[in-house]
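Chemist: Take a look and give me a structure for this.
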Amino acid sequence: MEDAASQIVDHYERHALSWDADRRFAVWSDRPFIERFLGFLPPQAMILDLGCGGGSPVALHMAGQGLRITGVDSSPTLISLARTRMPDHAWILHDMRSVSLGRKFDGILAWDSFFHLRHADQRRMFGIFAAHAAPSAVLMFNAGPGHGEVVGDYRNDPLYHASLDAEEYEALLSEVGFTLIEHSVNDFATGGRIFWLARAP
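Modeler: Predicted coordinates:
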């Protein structure tokens, strides 16, 4: 379990082109969640996309709505793809667990990325969310159904996931002043994600 957790950054770089192709060519089943997030944002909002991957389909869609994207990812290959696709936006090669940009954003997204972090790293991320949140910023991330760790696989390579329980996520949001907007569990009609949507003070 611990070995798989420590390999998550290398995993995504090893399989960067495959992950990117899978996202671009698959049915975009999680689009309703992204639209829910966008519905709370003002026009031309500044977005921090943590674990942005190659930018397709999520960042491309947000950019197409007139939003300004700053994407952060630990994979050089995926960041390069995002830069090529959207050169007018900002793409930063960095581990989301230690990012410190000195800027505030109207929206913070950690979609299909946050749940690859160990429990302790997830807890620390709430300080990072708060440090980058403009007044009334909207945060969205997805996680699992309860406290635990799971190692799946992608192309026969172990892939780590972790989650805290719902009560702890609510407490962590409250500690940094965020108000919960919505917590949805396994709505398979709209992609089966378990997501958290909250607003900064």
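
Chemist: Need the three-state assignment for residue 125.
Modeler: What DSSP: H, G, I helix; E, B strand; the rest coil gives for residue 125 is helix.

Chemist: Quick one: neighbours of it, just the number.
Modeler: 19 (other Cβ atoms under 10 Å). (C-beta placed from N, C-alpha, C; glycine too.)

Chemist: pLDDT score assigned to residue 188?
Modeler: Residue 188 carries a pLDDT value of 55.

Chemist: For the closest residue to residue 105 other than its chain neighbours, list each beta-bridge partner.
Modeler: In this structure, residue 105 finds its nearest non-sequential neighbour in residue 48, 4.2 Å apart by Cβ to Cβ, 6 or more residues apart in numbering. Beta-bridge partners of residue 48, counted by DSSP bridges, are residue 70, residue 108.

Chemist: isn't residue 48 right up against residue 72?
Modeler: Yes: under the criterion of Cβ atoms under 8 Å, residue 48 makes contact with residue 72 at 7.1 Å.

Chemist: Which one of these two is surrounded by more residues?
Modeler: residue 48 (29 against 22).

Chemist: Now do the contacts for that one.
Modeler: 70, 72, 101, 105, 107-109, 132 (Cβ atoms under 8 Å, 6 or more residues apart in numbering).

Chemist: Out of those residues, which is nearest to residue 57?
Modeler: Distance to residue 57 across the contacts of residue 48 (Cβ to Cβ) is lowest for residue 109, with 13.0 Å.

Chemist: Which elements pack onto the lengthiest strand in the chain?
Modeler: Looking across the chain with DSSP state E, the single longest strand is strand 133-143. The criterion is 3 or more Cβ pairs under 8 Å, 6 or more residues apart in numbering; DSSP states H and E, and the helices and strands that strand 133-143 contacts are helix 31-38, strand 105-110, strand 194-199.

Chemist: In a markdown table: these, plus mean pLDDT and distance to residue 142.
Modeler: Converted to a markdown table, these look like this (pLDDT from 0 to 100; distance: least, Cβ to Cβ, whole Å):
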| stretch | mean pLDDT | distance to residue 142 |
| --- | --- | --- |
| helix 31-38 | 94 | 8 |
| strand 105-110 | 98 | 8 |
| strand 194-199 | 96 | 4 |
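
Chemist: quick one, which of the ones you listed is nearest to residue 12?
Modeler: That would be strand 105-110 among these, by Cβ to Cβ, at 14.3 Å.

Chemist: Now do the closest one: everything it contacts.
Modeler: By Cβ under 8 Å, 6+ apart, strand 105-110 touches 37-38, 40-42, 45-51, 58, 67, 70, 96, 125, 129, 132-134, 136-142.
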